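Participant: requesting a structural model of the entry that follows:
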Amino acid sequence: MSMFDLSGDVAIVTGGNGGVGLAFARGLVKSGAKVAIWGRNPEKNANAVAELSALGGDASAFLVDVTQPDQVNEAFDASVDQFGKVDACFANAGGGGYRGFSHKTDRQTWLDTIDLNLMSVVQTWAPVTDHMVKRGEGGRLIVTSSVAALMGTGGAAGYSTTKAAVLGLVQALAVELGRAGIRVNAILPGFIETEMSLTTSQEFQDAARRRAAIGRIGTLEDMEGIAVFLASKHSDFMTGQGVVMDGGHTIFPM
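Facilitator: So this is what the prediction gives:
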């Protein structure tokens, strides 16, 4: 892992207290980065820090709801006070939003999904970007999108729409911030084996396995390396891109 040594770097991971976010954080600390975990659940935050510390990592958790701009700004200031700087920010927090037919979904429910999966990213990246520009040393902005941005997902139009919207944000900011040395990219996971995803039906999980070109669903370990790559100097020539991590799900129709 010396090629991807992140010693001395500091990363923020929103929603980093579980699932894919915690997998990102594990990869980062294994490569030497210090990690600020942002999450809404104090118990999960504490457990995440304990797990990362057991790996030899330097991690702290900050209680924050990323849909609340004031809390985001407070968490950012606290993170910089703790670690001195931010080199990479993984805007991973989000959720599935509503389930059901879009034409039967009221306006406020749509807006809540947009707030959760799109505006939270805008709000999270705002103070981070300002910090990176003022430091003048570049940085990394990474967002967790989804293969749902590329495929139809009946009954979850809000989720698909917002996960597609962040890809537009990535491309726009890649152009806007490129000369400042800030790289902006997205990770698009397919079906990843998490506590939440495993609440889906066995039929759905079996279909995901059949659909994947490699014949299995993703594990959290599969997500560690991509976080390290995008946080490292080895992704310097990559910006405005969406990296699909789905085992070939989107290229293997059945």
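Participant: hey, let's count contacts and neighbours off CA atoms from now on
Facilitator: Noted.
Participant: hey, where'd the strands end up in the stretch 1-150 of the chain?
Facilitator: 10-14, 34-39, 58-63, 88-91, 139-144 (DSSP state E, counting those that start in this stretch).
Participant: want to throw those into TSV with mean pLDDT and distance to residue 184?
Facilitator: Converted to TSV, the strands of the stretch 1-150 of the chain look like this (pLDDT from 0 to 100; distance: least, CA to CA, whole Å):
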stretch	mean pLDDT	distance to residue 184
strand 10-14	98	14
strand 34-39	98	19
strand 58-63	98	23
strand 88-91	98	10
strand 139-144	98	5
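Participant: could you point out the longest helix in this protein?
Facilitator: helix 157-177 (DSSP state H).
Participant: rewinding a little: dump the strands of the stretch 1-150 of the chain into TSV; add mean neighbour count as well.
Facilitator: Putting the strands of the stretch 1-150 of the chain into TSV (neighbours: other CA atoms under 10 Å) gives the following:
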stretch	mean neighbour count
strand 10-14	28
strand 34-39	28
strand 58-63	21
strand 88-91	27
strand 139-144	26
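Participant: make JSON lines from the ones you listed and add distance to residue 238 to it.
Facilitator: Formatted as JSON lines, these follow (distance: least, CA to CA, whole Å):
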{"stretch": "strand 10-14", "distance to residue 238": "18"}
{"stretch": "strand 34-39", "distance to residue 238": "23"}
{"stretch": "strand 58-63", "distance to residue 238": "27"}
{"stretch": "strand 88-91", "distance to residue 238": "14"}
{"stretch": "strand 139-144", "distance to residue 238": "11"}
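Participant: what residues are up against the spatially closest residue to residue 248 that is not a sequence neighbour?
Facilitator: Of all residues beyond its chain neighbours, the one nearest residue 248 is residue 213 (4.6 Å), with distances taken as CA to CA, 6 or more residues apart in numbering. Residues counted as contacts of residue 213 (CA atoms under 8 Å, 6 or more residues apart in numbering) are 247-249, 251-252.
Participant: next one: residue 40
Facilitator: Applying CA under 8 Å, 6+ apart, the residues contacting residue 40 are 15, 63-65.
Participant: and the furthest pair within these?
Facilitator: 15 and 63 (10.3 Å; CA to CA).
Participant: who's in contact with stretch 127-140?
Facilitator: Residues from elsewhere that reach stretch 127-140 (CA under 8 Å, 6+ apart): 73, 76, 86-89, 180-184, 230-231.
Participant: could you list the buried residues of it?
Facilitator: 128-129, 131-133, 138-140 (16 or more other CA atoms under 10 Å).
Participant: ditto for stretch 208-222
Facilitator: 208-213, 216-218, 220, 222.
Participant: quick one: end-to-end length of it, please.
Facilitator: In stretch 208-222, first residue to last residue: 16 Å (CA to CA, to the nearest Å).
Participant: what about that stretch, distance to the chain center?
Facilitator: 19 Å (CA atoms, centre = their mean, to the nearest Å).
Participant: that older thread, for residue 115, find the nearest of the strands of the stretch 1-150 of the chain.
Facilitator: Across these, closest to residue 115 is strand 88-91 (CA to CA), at 13.3 Å.
Participant: figure out how far that closest one is from the centre of its chain.
Facilitator: 7 Å.
Participant: strands paired with it, and their directions?
Facilitator: If you go by DSSP bridges, strand 88-91 pairs up with strand 10-14 (parallel), strand 139-144 (parallel).
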